[in-house]
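Novice: Using only what follows, build the 3D model:
(2 chains)
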Number of protein chains: 2
Amino acid sequence: MWQCQEVSRVSSPVGAARQSSLRELNLALVLGRIAAAGRPPSRADLAAETGLTRATVSAVVDDLIGGRLVTEADPAPRTGAGRPARGLVLAGDGPAGLGLEVNVDYLAACVVDLAGRVRHHTVRRADLRPATPADALARLGDLAGRAEADARRQGLTLAGTVLGVPGLVGDGGRVRLAPNLGWRDVDVPALLRRHLPALPPVAGTPALTVENEANLAALGELDAGPDGPASFLHISGEVGIGAGIVLDGALYRGARGWSGEIGHLPIQPDGPSCRCGGRGCLEQYAGQEAILTAAGLTWADLPADTAATRLADLAAAGDPTTLGALHDAGTALGVAVASVVNLLDLDTVVLGGGYAPLAPWLVPTVRDQISRRVLTAAWSPVTVRPALLGPEAAVVGAAGSVVRRIVAEPSGWLSSRRASWMGEGR
Amino acid sequence: MWQCQEVSRVSSPVGAARQSSLRELNLALVLGRIAAAGRPPSRADLAAETGLTRATVSAVVDDLIGGRLVTEADPAPRTGAGRPARGLVLAGDGPAGLGLEVNVDYLAACVVDLAGRVRHHTVRRADLRPATPADALARLGDLAGRAEADARRQGLTLAGTVLGVPGLVGDGGRVRLAPNLGWRDVDVPALLRRHLPALPPVAGTPALTVENEANLAALGELDAGPDGPASFLHISGEVGIGAGIVLDGALYRGARGWSGEIGHLPIQPDGPSCRCGGRGCLEQYAGQEAILTAAGLTWADLPADTAATRLADLAAAGDPTTLGALHDAGTALGVAVASVVNLLDLDTVVLGGGYAPLAPWLVPTVRDQISRRVLTAAWSPVTVRPALLGPEAAVVGAAGSVVRRIVAEPSGWLSSRRASWMGEGR
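Specialist: Below is the predicted model:
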């Protein structure tokens, strides 16, 4: 008994572990194992992996199934004598996340279920630079309402909303600066909330979170990639250029969540002025607008295509002006990427957003700059690859980050459901 | 009993906690509290803070005192009735760490005790570029022997050696590349070990660890700074320029320990060639050799001074060429620092190594570049300050990292001592 008591305290150095948190820890432990498993684990597998007793695992699994977080997979094929054990998987008909995005030239909404599947996805192209923040967010609210209705039709319950914006997000979701949208000090939650569908409150999960879209895109890419902790730089190449830094499977946000501003790395310190106030920033050489201009195009030339697909079409057709523009952009991007790799010793760089369709032309140039400029390139090859998700990474990552939170702390969702049942029973 | 068992297992998700590790955890928990305490805690304070029973705390403290890791502070002044409780502090006469450094223009050795005090420090200035690695390391071994003898005279026992080198360290301590020393693929442990004093083996602590000196300098600065988790960039400005990135009180080493190569951030992508193979790297503008050249000096002009002190003297005297050289170097350094802050959202930048004495001239220029180029500078001021330690940060950090490991895992030291007592008793 003595030894047990000591361990329980050591596990929580700031004081004795609260008794109530035992169940929370076991719920998170078992759900985390089910989420990370390659093949649906049985209750016996979970007991063996976690060290919990089989009785405890069964009780925890019952709670998770009752809360629509876990479901039993189809029975495994019979391979020998006896009844095959039933594997457990994350439920596809329980809680889901609503992801929203406002960017310079589109609005998007997306629903991701607990198993990570995209269940709804709408993109509405529009140049939002002339729109007021209130107008842009009202239009986004319309997309959110349709997404919620579609999720409800599919039997899903939205458990939270995360909005991605191309700018610096301060306390309380206030956007301090979104230079390419022309937004400055905008109280986004206040403007958006009135247009959002009402969602059931979930303990520990804020109803609305605002986050930098490049950070969310990196999370989307992390979810889309193979299992296991990964470290990489994910670059979102839009009109602005942002990056998300993932270290050991977690987003590195920095002191105030403002990390990853790769678009403002100086490429030529005395180069052209940037909207940020600096000079010669990467965006001036490798942002979508800079590439379009160098390719002899304007936004007016793109009535239906996105800039990236039009540039990719022209490059694939061998248009020399476009190929030159992409070479110059790739060189500037490579200089910035070499700086990041020299600093952070990352072995993977992912070209995402509008860069994904342009990867066939950008990747070789970026690789060339890395091999010239990264001190360690001779011993440690750096992988440069297009993103698994394209421009949709941010909105998918936004929705996914809601379900990620539920998987990490399932007790909030379960207790909120219990509270709502009790309310219904009255 | 059931609940206890569950907790012990939850605390170690990869399987049930080993019974033997309980004592290890309690030792580390109590020693960590004593190390972090502002004022020497009593046994009762430790019991209250950790949630351990007073009997357990007393048993653990007896082990720590017996192993020369902890000692009782002088009795507190009597403030009321009764005998004052005796506070506990880290022992200054037990294990200590040996730090060594080989750099371009000096060798250094240092001993730091468990309480973090520097007990021995020798620097021998010498241009090591003409020396072979074997010769340089033999001379360093001589310094190490003197440091060990001095530590022994003071009643200290060296528990491990950490060597800092200005280059990329690969597996097994092999130096892949130290461009400014001209070293390439040097098996440093094999060359150095024969010249090192014999140290008692300590379980869990390698006898010799080789690490990048800029990383060690950041650790030295972390130890020298106020308590509590800190995040900062520490720049070591020598002939080469390296950086250590500390995030939440821990060194960020990168995928292979090769992070922080700020000296090879391109400042002008088409600038002068660098020893690394790139062009226009920061070292070409703000390395000590570049500053000396711009100030109209050569190494031959520095028979006694270090480059940094000579430049500081000239700048303090108002020499316009030197002031211009420092302004240009500070501008290039500021461009690189702005890149790092844009990427990592750090709020503190520390100018260390040879930059420390030059800080009065470099800091304003670096700050100016930050305010021009960092997107978030308007909302989040970045502190730029000279290091608390100067060029000695790396060797002090090297020695300190040995004692840091002992504080984090005291059981290795204690079990090794027990093994050596048993050996002596035979």
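Novice: The residue nearest to A:Arg385 when sequence neighbours are not counted pairs with what?
Specialist: Using Cβ to Cβ, 6 or more residues apart in numbering or on different chains and skipping the chain neighbours, the partner closest in space to A:Arg385 is A:Val350 (6.1 Å). Where C-beta positions appear, they are placed from N, C-alpha and C, glycine not excepted. Beta-bridge partners for A:Val350, by DSSP bridges, are A:His234, A:Arg385.
Novice: wait, A:Leu346 sits on B:Gly254?
Specialist: Yes - here A:Leu346 reaches B:Gly254: they are 6.9 Å apart, a contact under Cβ atoms under 8 Å.
Novice: Compute the number of surrounding residues for the residue nearest to A:Arg385.
Specialist: 29 (other Cβ atoms under 10 Å in any protein chain shown).
Novice: Tell me who's in contact with it.
Specialist: A:Val350 is in contact with A:Glu221, A:Phe232, A:Leu233, A:His234, A:Ile235, A:Arg385, A:Pro386, A:Ala387, counting by Cβ atoms under 8 Å, 6 or more residues apart in numbering or on different chains.
Novice: what residues go with each domain of chain A?
Specialist: Per automatic domain parsing, the structural domains of chain A span A:2-74+A:86-90, A:95-216+A:393-425, A:228-386.
Novice: Make CSV from those domains and add distance to B:Arg372 and mean pLDDT to it.
Specialist: As requested, the domains of chain A are exported to CSV (distance: least, Cβ to Cβ, whole Å; pLDDT from 0 to 100):
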stretch, distance to B:Arg372, mean pLDDT
domain A:2-74+A:86-90, 43, 77
domain A:95-216+A:393-425, 15, 91
domain A:228-386, 6, 92
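Novice: Tabulate these in CSV, adding columns for distance to B:Ala308.
Specialist: Below are the domains of chain A laid out as CSV (distance: least, Cβ to Cβ, whole Å):
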stretch, distance to B:Ala308
domain A:2-74+A:86-90, 42
domain A:95-216+A:393-425, 37
domain A:228-386, 24
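Novice: What parts of the stretch 201-350 of chain A come near chain B?
Specialist: Residues of the stretch 201-350 of chain A found near chain B (Cβ under 8 Å from any Cβ of the partner chain) are A:231, A:243, A:245, A:247, A:252-262, A:264-269, A:276-279, A:281, A:331, A:335, A:338-340, A:342-347.
Novice: In strands, which of the residues you listed appear?
Specialist: A:Ala243, A:Ile245, A:Leu247, A:Tyr252 (DSSP state E).
Novice: Buried by neighbour count: which residues of stretch A:130-148 qualify?
Specialist: Of all the residues in stretch A:130-148, those buried under the rule 16 or more other Cβ atoms under 10 Å in any protein chain shown are A:Ala131, A:Pro133, A:Ala136, A:Leu137, A:Arg139, A:Leu140, A:Gly141, A:Leu143, A:Ala144, A:Ala147, A:Glu148.
Novice: which of those come close to chain B?
Specialist: Counting by Cβ under 8 Å from any Cβ, no member of the buried residues of stretch A:130-148 reaches chain B.
Novice: Can you add secondary structure and give those residues back as TSV?
Specialist: Converted to TSV, these look like this (DSSP: H, G, I helix; E, B strand; the rest coil):
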residue	secondary structure
A:Ala131	coil
A:Pro133	helix
A:Ala136	helix
A:Leu137	helix
A:Arg139	helix
A:Leu140	helix
A:Gly141	helix
A:Leu143	helix
A:Ala144	helix
A:Ala147	helix
A:Glu148	helix
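Novice: Which one of these is nearest to chain B?
Specialist: Checking the buried residues of stretch A:130-148 against chain B by Cβ to the nearest Cβ gives A:Pro133 as the nearest, at 18.2 Å.
Novice: Distance-wise, check the closest residue to that closest one other than its chain neighbours relative to A:Asp142.
Specialist: Nearest residue to A:Pro133 in three dimensions, chain neighbours excluded: A:Val186, at 4.5 Å (Cβ to Cβ, 6+ apart). As judged by Cβ to Cβ, to the nearest Å, A:Val186 and A:Asp142 stand 19 Å apart.
Novice: ditto for A:Arg417
Specialist: 29 Å.
Novice: what do you get for A:Val384?
Specialist: 38 Å.
Novice: pretty sure the residue nearest to A:Pro133 is touching A:Gly173, no?
Specialist: No - using Cβ under 8 Å, A:Val186 is not in contact with A:Gly173, being 9.7 Å away.
Novice: who's more crowded, the two?
Specialist: The residue with more neighbours, out of A:Val186 and A:Gly173, is A:Val186; 23 against 20, by other Cβ under 10 Å.
Novice: Quick check on that one: phi, psi?
Specialist: Note on A:Val186: backbone dihedrals following degrees, to the nearest 10 are phi -110, psi 130.
Novice: what residues are up against it?
Specialist: So A:Val186 contacts A:Pro133, A:Arg174, A:Val175, A:Ala178 (Cβ under 8 Å, 6+ apart).
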